[in-house]
Structures are given as structure tokens and as C-alpha cells.
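**Student:** Quick one: sequence plus predicted model below, questions after.
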Protein chains: 4
Amino acid sequence: MAIRVTVWNEYLHEVQFQEIAAVYPQGIHGCIQEFLEKEGFAVKTATLRQPEHGLTQEVLADTDVLIWWGHMAHHEVKDEIVERVYRRVLDGMGLIVLHSGHASKIFQKLCGTDSSRLKWREDGEKEILWVVDPGHPIAAGLGEKIILEQEEMYGEHFDIPKPDEQVFISWFQGGEVFRSGCCWRRGKGKVFYFRPGHESFPIYYNPEIQKVICNAVRWAAPVSGSPEETYGNTQPVVELHLAERTTISDLHQGKK
Amino acid sequence: MAIRVTVWNEYLHEVQFQEIAAVYPQGIHGCIQEFLEKEGFAVKTATLRQPEHGLTQEVLADTDVLIWWGHMAHHEVKDEIVERVYRRVLDGMGLIVLHSGHASKIFQKLCGTDSSRLKWREDGEKEILWVVDPGHPIAAGLGEKIILEQEEMYGEHFDIPKPDEQVFISWFQGGEVFRSGCCWRRGKGKVFYFRPGHESFPIYYNPEIQKVICNAVRWAAPVSGSPEETYGNTQPVVELHLAERTTISDLHQGKK
Amino acid sequence: MAIRVTVWNEYLHEVQFQEIAAVYPQGIHGCIQEFLEKEGFAVKTATLRQPEHGLTQEVLADTDVLIWWGHMAHHEVKDEIVERVYRRVLDGMGLIVLHSGHASKIFQKLCGTDSSRLKWREDGEKEILWVVDPGHPIAAGLGEKIILEQEEMYGEHFDIPKPDEQVFISWFQGGEVFRSGCCWRRGKGKVFYFRPGHESFPIYYNPEIQKVICNAVRWAAPVSGSPEETYGNTQPVVELHLAERTTISDLHQGKK
Amino acid sequence: MAIRVTVWNEYLHEVQFQEIAAVYPQGIHGCIQEFLEKEGFAVKTATLRQPEHGLTQEVLADTDVLIWWGHMAHHEVKDEIVERVYRRVLDGMGLIVLHSGHASKIFQKLCGTDSSRLKWREDGEKEILWVVDPGHPIAAGLGEKIILEQEEMYGEHFDIPKPDEQVFISWFQGGEVFRSGCCWRRGKGKVFYFRPGHESFPIYYNPEIQKVICNAVRWAAPVSGSPEETYGNTQPVVELHLAERTTISDLHQGKK
């Protein structure tokens, strides 16, 4: 069965700015949907201004991997929906956070750090993404680097927890580096952050960038048949033969 | 200069239950304060029912390492204070979370997972904490294991992100295991979770447990002279000689 | 195409000791081969006393995942063959090291530590393997624990580098714990260590143990289409406009 | 008591090439010794052509932290001495591997990968080392980056196991990036790899580079009072009440 992907996009830049609409006439989500469908995934989209931001319980329940692009309206995403996405990730749904999504509520919540903190510069300079884990499935089918002639710069320090797996590190023309492709596990879910994709550059039309996102969808898809964990008060697995409980008077005589 | 420690305790069990008061007549915080002071640390305490839970901006600004014990009233801790502690951790303050503090708001926020999820059983069974990283500073001065004759059990699965450093793993009489001593870094701050310390057992009087907590304070203390990071829009480090920016018509002819 | 597995077994206990032959009449390798073939893998076997230990260049070139069981004759494995296996792992071949294989030359070489160091006791006590990463593909199809009624004990401290992924932690009846299922990446290859499998207990007939090994084979299989890395002296990606080189007289005037 | 450092240098370039001798008249080891002594460390040196490469049992026993610089004669280092250094690291001695020491036998042995594999180019281009873990003690006292106007380039992919802690990532003028400051733990010992230091550039006179190495010495120094681990056949911690051992006939009736 095809992996079910939901592409979430803020979808404001494309509506408000003509020059961005020119880059992504169907919205960033439409562009991503198109190349994912060609790869055989079952793809839906959702956007900020839809009821419940398009992320109802039903939509999330039917989503294997959620892709997240947001930028100017992170604060408009309701905490209740953030909590809902968070619970689904812990339960196994994959999450791919793109570019400016680094500052989204959901990504900060999963990081446990202020991942909004980084350097940026929108001069359209060259970016080179180097593969630093060539055996990683997200790097499959690539060469040893991806060159983007014009992109927004993101620079370190990027305030994230240490990635569980580091796939890409970026070089920028102006002298900065950036951890551009980072994996974490949260609960049963996998999270991948991928840096490229400023709205004013046609990054998501780039076949290598598309390949990374397709690979990441396969990597982040839930494992089928994961153990059902039980939590809370539980009976012992082996029989307990307990010693008598320490009394308070024992205690004050200095006994453990 | 002595490391400045603030011991935060919910301080409800000791007030409400005579049998807990008998174990910790000065409160859990009082017991911890006492052995930390013997070790030469500069120690203050703070409790839930104080104004701002005792954790004012001033108190936190003067705290190198915060120790956190809470259990029955995690929900009473105000989000505003949680946020304040969180910001101080990212800024370099150490945080030591004890026992049932695993379900506190601050620990969940720093984990990025639902760390309230684990198994538990309050039968007073035997726990053996094994050192699995013998070169770690938090294990200094210990033997290869700590035996606690009677403790509450916590069992896996414990829903935490993969520890950056794993110092202890516990064995329980009833058949469970638990990752009992776990380190993470968040921003410039260090976080240590240490499992033992149920309120009805006199765990914090145990000299080996005290040694672990003292070691953890030293480990978690902020590094002096950390780089001042700059975030946001920044100038290039090396001069940019930029190519002409891609135009929309370039784009629709399939150029990157 | 089926994943190609080679099961390597020292194959001495089964030949030399009647009681072990009774447990594994076709050898440990024969038992493992059988359940792997039922799962659809293309399986060959190799043993110590074959020429080149059965691990010729051709055999390794045709192996996606190598499984390793050895115990009493680690020192008989030729360094040249160890080097050959090592190179194949770095090149992408998966390696699954079972039980007493922890002390093998190849595992020590990949660890970079003295992984022969651990505690052991052959009393046939109970082992409980707890899943501590329930979203991990190696845990698929399991419950939250595996109970083995009788096994050899291995106890911490186990001298391994910190696992990149920790899947299982074992509890033993006698009071020990052990990191029983550990993943590392080395070059393009994946390495999984799995503890159970003492030769005198029929562990590899256990369906849950078989499931773990089958899962591990799929997890460890090489990624298709990994980037071809280039090493050594390379040309710049972007044109260098170099400053004049610092002279020795500059240097002795204290200039960088 | 002062931390006892031994600076090991191959000491061939400085002897064989006049232009290198001009950069380091007292040898690279002499330069490093000098700034470490100013910092209060107790420093000795050792070189390749000394008996036992200057690394006798006595010297190593009296060394808290060993610094390693080698380049053209890695193959001349005797395996017996490599083994000796390796054992001391597992036992707690810190090891700081500098620059071309990445290809040394000891570093490869501790990595478990072919760490000789990387890209390089000796054009004297600009390197910028970015701090990516600003709370790390090795970064104390630095700014957010170190700029080296002229250095040899090292580029990814660098074939190392995933660092336990990543302190620096380098940018190079020609378009490459490199994981320049990496920490690992091996046994009780700590290992730090630090990239800068090509022999033809006066890198070790740079005050920021000196600060990094001084910080790394303090970070890598052994922990006092580490647990004494016991290995091998051990008695149970808690009394075993064992079930009867499974018999072969049980086995062939399909019982576990």
C-alpha cells in the first residue's frame, strides 16, 4: 500500500505576493504534492486557513508522513492542533520539517530547544549541501553533494538538540555552515529537518531536492507492527518475595 | 566560587502525609540541601506554594544548577514559570530532574516527548543501578553498582529521546529494567535525569545516591566563558560576489 | 531481489560436544539458515575450518548481510579475513554479531573498544529483553518484551562505544542488566549486536528471537544507490581567489 | 595537581624540510609544549624516532592526556605501541588527535572506521571553524567562530563514526565543509579530534587554536575515582532459584 503523505503549507506568501505566486503557482504544497505523486505516494494537502488548519483527527489518523512548510504565521497555528500533531508523531507518524518550518511550534516542541535561533541572510547566494552519512537511506541516489546556485542562507549556531543522525551539512558562499539534514526519533515517530526551500527560489523543482524529500518520506514512514507499550501501574513479571518494609524507626537509626 | 544550587521541591507529600513527614522532616529539599552544603555548594531552596513557586527571575539568574522534585502537583506549576526555567536552561543553567519529576512540565518540554510514560509499582522492591559508562564524571567515587533494598519500581518503555550520555541502567526485582541516569544537552544547558527517590523511602539519605547528585551538580554547572552566539539577519563573513538572480521566466523554462 | 545473507559460524562446539550437537544437529548456522530461508532471504553459510573461513572475496562481494557467531576460536580467525570483512562493512555490507561474537576480532575492530569485556555466568537463568525503542524496525512484530526461561547471563559493564540506536536492554534473574540489542553505523555499513544465543540453550529456535534476526537482516541490508564518495586530493568546487601566502618573516613578526 | 600531558610528534617534516623548520624551529611538539606549560599543565614530549617512539609503559602510565601529531610516517609506528596507547585510552587516558593524525593507526583503531578517508587540498585557503555546541567546555573563551586565513583544506566525507559530541564544523573557501572538532568516548577514555594544524602554516601559534587545545586537555583528563569494573565469570547479586534445566528431549518436542 502506498505511503500516505499530507503536505501542510502555510500558503500565505503565494497568495499575498505576486512574485512568490509566480514561483509556485499551485502553492508550495502543490509543487511538493506533484513530485510525490509521481513517485507513487498517496498525497493530500492541508493549509493554515482551512478549518483546524486542515489537520483534523481524521486527516492525521490517515497520514503516515506529514510534511510541514510554514514561515510568516507560525503563531497562528493553534496550540490544540500542535498538540494533536505532536501526539501523532509520538504514536509513529513521520514528520518532515522544511526550511523556515524550523521556527514552527511543532518543531520547537519536538526539539525541546528554541530551534527558531539561527542566522539568516536572503541574498540568493550559493549553497552546497554535502552528504556526511553516505550510507543513509535519505542520501540514496544522490551524488556526494547538491549545489543550489541561489538560496537564502541559514547559519550556525542552530539551536537544536544533537541530531540522532546527521545526513547533510551545508556550505554557504558568505562563509557560514549549517546542519541541513537532521534526523531525530521522538516516541515511535521519526522527524527529519531539511533546510532548503525559501519561497522566493524555485528549490522544490530541483530534482535532487525532490529525491531527498522522497527518500525522507520512505525513511519517516511508520514501522508496521510496532510493540504496543503498556504504561502506568503494572504487575511484576517475576514473583516478588519482598523483605519487610523499612520502618521509620529503622530510618532514624540510619539504616537504609 | 561555589556552585550555586537551588533545590526545588513540590513539598506537598511531606506536609499532607505524616508517614512522609517522618521520612523527610525538613522536606525532601531540606535533606538534599543538607548534603549539598556539606559538599561545599551554595544552596537555596524553593517550593511550589511560594510566590512564583519560589523561582523568580532573580532566583533563577543566581542559580547555576536547579534540582527538581515534584510528583502530585505537576499541573499546578504555572506555564510562565516553566517557560522561565526553560529559557535559563537554554542559556546554560544545569537542571537535575529527580524521580517523579520525569512527568513534570519542564522535563517534558525539554525532552520533546511524553516523558510521563513509563511503568511503575510501589511495592518497595530491590533496585540495582548499574554503571554503564564508568568513565563518566557522574559515576566518580562509586562502585560498579548501587543497591537500594527498597524502592518504587519504574520500568521501560520510558518515553524519552535517546540520551546523549547513559550513565546508569536499573534492574528491578520484579523483572523490569530502566534507564536510570540519563544526560542531555539543551542549548547551552545540561540536563540530568536520575530515577531514585520515591518519597516513602529514605533514598536521599543514602551516601551513594548523595554522591551521584553531588557529581551531577558539578557536571551540570554552566561552562564559564561560553561563546556569545548571534542570531537573526547577519552580514556575510566573506565578501559575496553574487550572480544575477534567477528570474521567473528562467524558472518556467526549467532552469534552477 | 532477495537480500543475500551469509551465516558464518565457528562450528566447533557442535562438532566437539555431543550435548551441543543435540541442540543444533545442523549447526547453529544450519538452524539460522533455515528460518531465514523461510522468510524469503537468499542464504548461504560459511564456517571457520573452510578455506579462507568460507569468506572469500567472491562470497563477501555477493553478501548483503553477514551474520557472525563465534566463541571458542576467535583467535583462529585470520587477520587478513577480518580486514576483508571490515572493508566490506565500510563499503555497505550489513553485519549482525550474535552472542559470544561480542569478543570476535571483527566486532572489536568495528567497535574501537575491548568489547570482550563483560560479566558472564552460565547457570541457565531467566532473561527478559525489554524493547526500549518501540518504533525501531528491529522491534517490529514483537511484544514489549521477550522472555527467555534459560540463558547464559551477560552483565554490564559491557565495553562498547555508545550505541547509535539502543533497541533492547536485558534483565537477568541474578541481578544484572545488559545492553542486548545495539546498532552502530560504520562507513556505509550497519552493525547490529544481539546478545541471546548461548550454544547450550535452544535460543535460535525461539520464534521471537528469529523475528528479531529477520528484522535485523532487513535493517542492515545495504542502501541501494549510495553516493560514490571521492577521497584524496581534490579541486575546489568554487573558484579560489587566494591571498598571498604568509611568509616566514611574517610569521616571526607574530602575524598569523 | 597539574594535568600531565605528553605531546607526541612524528617530528620528521621539521627535520627534513627547511621551510617547515622555519615555521616550527622547536618542532610542532615544542610549540605545543610551550603554550601548554604557560597554562599550567605538566608537559613532556615524545617523538617517533625515540626508543619505543618515546611512549614507554612508564611514560604512558604518567600521562593523563596524550596529544598526537603525525603525517608522513604513520606506518612506522609499531603496532605494539599502538596497542599500548589504545589500552591506556580504554583505561582512562585522554587522547587529542591533531590534523593529519586522522590517518594514524591509533585513531583508526579507536574509530573503528577508515578515518584516513577525506578530501584534502594544500592551497592555503581560508578556513572558518564554527562553534556548533556553544555550551561545550572545549568552546569556552572563544567567539562564535575561528577564522584561519590560510590552511590546508580537509573536506567531507570524513569516514568517522558519528561523533558523541560535535563542537566545530569548518567552512573552506573552495566550497567544502568538515567536522573539525569531534568527541568520542572509548572505554573510560575521551578522544578529541581537532582538524587544524598543517605543518606549513603557523597554526599552533594562533591564540584561539591554543585555547581550544588547552580546553580539550582539561576536557579529556581522566575522571578521578572511576568505578573499578569487574569482568568475566561472576556470582549473582541476588540469589538464584533456578528452574530445572531444559533437556534435549524437551527441545525436540518444540519446547523452549
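**Tutor:** Here it is on my side, so go on.
**Student:** neighbours around A:K44, how many?
**Tutor:** 15 (other Cβ atoms under 10 Å in any protein chain shown). All C-beta atoms are positioned from the backbone trio N, CA, C, and that covers glycine.
**Student:** Secondary structure element holding it?
**Tutor:** strand A:42-47 (DSSP states H and E).
**Student:** Against which helices or strands is that strand packed?
**Tutor:** strand A:4-9, helix A:27-38 (3 or more Cβ pairs under 8 Å, 6 or more residues apart in numbering or on different chains; DSSP states H and E).
**Student:** 10 Å instead, please
**Tutor:** Using 3 or more Cβ pairs under 10 Å, 6 or more residues apart in numbering or on different chains; DSSP states H and E, the elements in contact with strand A:42-47 are strand A:4-9, helix A:27-38, helix A:57-61, strand A:65-69.
**Student:** Give me the angle between the last one and strand A:4-9.
**Tutor:** Okay, so that is strand A:65-69. Using axes from the mean of the first three to the mean of the last three Cα atoms, to 10 degrees, the direction of strand A:65-69 lies 10 degrees away from that of strand A:4-9.
**Student:** Could you give the separation of strand A:65-69 from the chain centroid?
**Tutor:** 7 Å (Cα atoms, centre = their mean, to the nearest Å).
**Student:** Report the angle between the next helix or strand after it and strand A:4-9.
**Tutor:** Using DSSP H and E, the helix or strand that follows strand A:65-69 in sequence is helix A:79-90. Here helix A:79-90 points in a direction 150 degrees away from that of strand A:4-9 (the same axes, to 10 degrees).
**Student:** Buried residues in helix A:79-90, which are they?
**Tutor:** In terms of neighbour count (16 or more other Cβ atoms under 10 Å in any protein chain shown), helix A:79-90 has its buried residues at A:81-82, A:84-86, A:88-90.
**Student:** do the same with stretch A:118-128
**Tutor:** A:118-121, A:123-128.
**Student:** Dump the residues you listed into JSON lines; add distance to A:I20, secondary structure and pLDDT as well.
**Tutor:** JSON lines is the format used below for the buried residues of stretch A:118-128 (distance: Cβ to Cβ, whole Å; DSSP: H, G, I helix; E, B strand; the rest coil; pLDDT from 0 to 100):
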{"residue": "A:L118", "distance to A:I20": "22", "secondary structure": "coil", "pLDDT": "98"}
{"residue": "A:K119", "distance to A:I20": "23", "secondary structure": "strand", "pLDDT": "98"}
{"residue": "A:W120", "distance to A:I20": "17", "secondary structure": "strand", "pLDDT": "98"}
{"residue": "A:R121", "distance to A:I20": "18", "secondary structure": "strand", "pLDDT": "97"}
{"residue": "A:D123", "distance to A:I20": "17", "secondary structure": "strand", "pLDDT": "93"}
{"residue": "A:G124", "distance to A:I20": "14", "secondary structure": "strand", "pLDDT": "94"}
{"residue": "A:E125", "distance to A:I20": "19", "secondary structure": "strand", "pLDDT": "95"}
{"residue": "A:K126", "distance to A:I20": "21", "secondary structure": "strand", "pLDDT": "97"}
{"residue": "A:E127", "distance to A:I20": "19", "secondary structure": "strand", "pLDDT": "98"}
{"residue": "A:I128", "distance to A:I20": "25", "secondary structure": "strand", "pLDDT": "98"}
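**Student:** which residues of chain A fall in helices?
**Tutor:** A:13-16, A:18-23, A:27-38, A:57-61, A:79-90, A:105-111, A:207-220, A:248-252 (DSSP state H).
**Student:** out of those, deepest packed?
**Tutor:** helix A:105-111 (a mean of 23; mean count of other Cβ atoms under 10 Å in any protein chain shown).
**Student:** Show me what it is packed against.
**Tutor:** When contacts are defined as 3+ Cβ pairs under 10 Å, 6+ apart, helix A:105-111 sits against strand A:65-69, helix A:79-90, strand A:94-98, strand A:177-186, strand A:189-194, helix B:105-111.
**Student:** Would you reformat the ones you listed as CSV and include mean pLDDT?
**Tutor:** Formatted as CSV, the helices and strands packed on helix A:105-111 follow (pLDDT from 0 to 100):
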stretch, mean pLDDT
strand A:65-69, 98
helix A:79-90, 98
strand A:94-98, 98
strand A:177-186, 98
strand A:189-194, 98
helix B:105-111, 98
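**Student:** thinking again about what came up before, name the nearest of the buried residues of helix A:79-90 relative to B:S100.
**Tutor:** Using Cβ to Cβ, A:L90 comes nearest to B:S100 of the buried residues of helix A:79-90, at 20.4 Å.
**Student:** Model confidence score at the closest residue in space to that closest one that isn't next to it in sequence, please.
**Tutor:** Distances taken as Cβ to Cβ, 6 or more residues apart in numbering or on different chains place A:G187 nearest to A:L90, at 3.0 Å, with adjacent residues excluded. Listed pLDDT for A:G187 reads 98.
**Student:** Ok, A:E244 next?
**Tutor:** 67.
**Student:** same check, this time on A:K145
**Tutor:** pLDDT, A:K145: 98.
**Student:** Return the residues of the stretch 51-200 of chain A in contact with chain C.
**Tutor:** Within the stretch 51-200 of chain A, the positions adjacent to chain C are A:90-92, A:94, A:126, A:128, A:130-131, A:133-145, A:147, A:164-165, A:171, A:173, A:185-190 by Cβ under 10 Å from any Cβ of the partner chain.
**Student:** Isn't A:G94 up against A:V65?
**Tutor:** Yes. Between A:G94 and A:V65 there is a contact at 3.9 Å, judged by Cβ atoms under 10 Å.
**Student:** so where is the stretch 151-256 of chain A shaky, pLDDT-wise?
**Tutor:** By pLDDT under 70, the weakly predicted segments of the stretch 151-256 of chain A are A:243-256.
**Student:** Distance check, the residue of the stretch 151-256 of chain A found nearest chain C against B:S224.
**Tutor:** Residue nearest to chain C within the stretch 151-256 of chain A (Cβ to the nearest Cβ): A:K188, separated by 3.2 Å. According to Cβ to Cβ, to the nearest Å, A:K188 stands 40 Å off from B:S224.
**Student:** A:M93 now?
**Tutor:** To B:S224, A:M93 is 42 Å away according to Cβ to Cβ.
**Student:** Of those two, which one has the most company?
**Tutor:** A:M93 (26 against 10).
**Student:** which residues sit in contact with that one?
**Tutor:** Shown in contact with A:M93 (Cβ atoms under 10 Å, 6 or more residues apart in numbering or on different chains): A:4, A:6, A:60-61, A:63-66, A:85-87, A:187-191, A:220-222.
**Student:** returning to what we had before: shared neighbours of A:G94 and A:V65, anything?
**Tutor:** Common contact partners of A:G94 and A:V65 (Cβ under 10 Å, 6+ apart): A:3, A:5, A:189-190, A:192, A:216-222.
**Student:** closest to B:V15 among the residues you listed?
**Tutor:** A:G189 (40.0 Å).
**Student:** how far away is the spatially closest residue to the closest one that is not a sequence neighbour from C:K126?
**Tutor:** Among residues not flanking A:G189 along the chain, A:V89 sits closest, at 3.8 Å (Cβ to Cβ, 6+ apart). Using Cβ to Cβ, one gets 35 Å for the distance from A:V89 to C:K126.
**Student:** Distance of the closest residue to A:V77 other than its chain neighbours relative to A:E149?
**Tutor:** Nearest non-adjacent residue to A:V77, counting by Cβ to Cβ, 6+ apart: A:K105, 5.6 Å away. Here the criterion is Cβ to Cβ. By it, A:K105 lies 32 Å from A:E149.
**Student:** just A:V15 next, same as before
**Tutor:** In this view, A:V15 and A:E149 are 27 Å apart by Cβ to Cβ.
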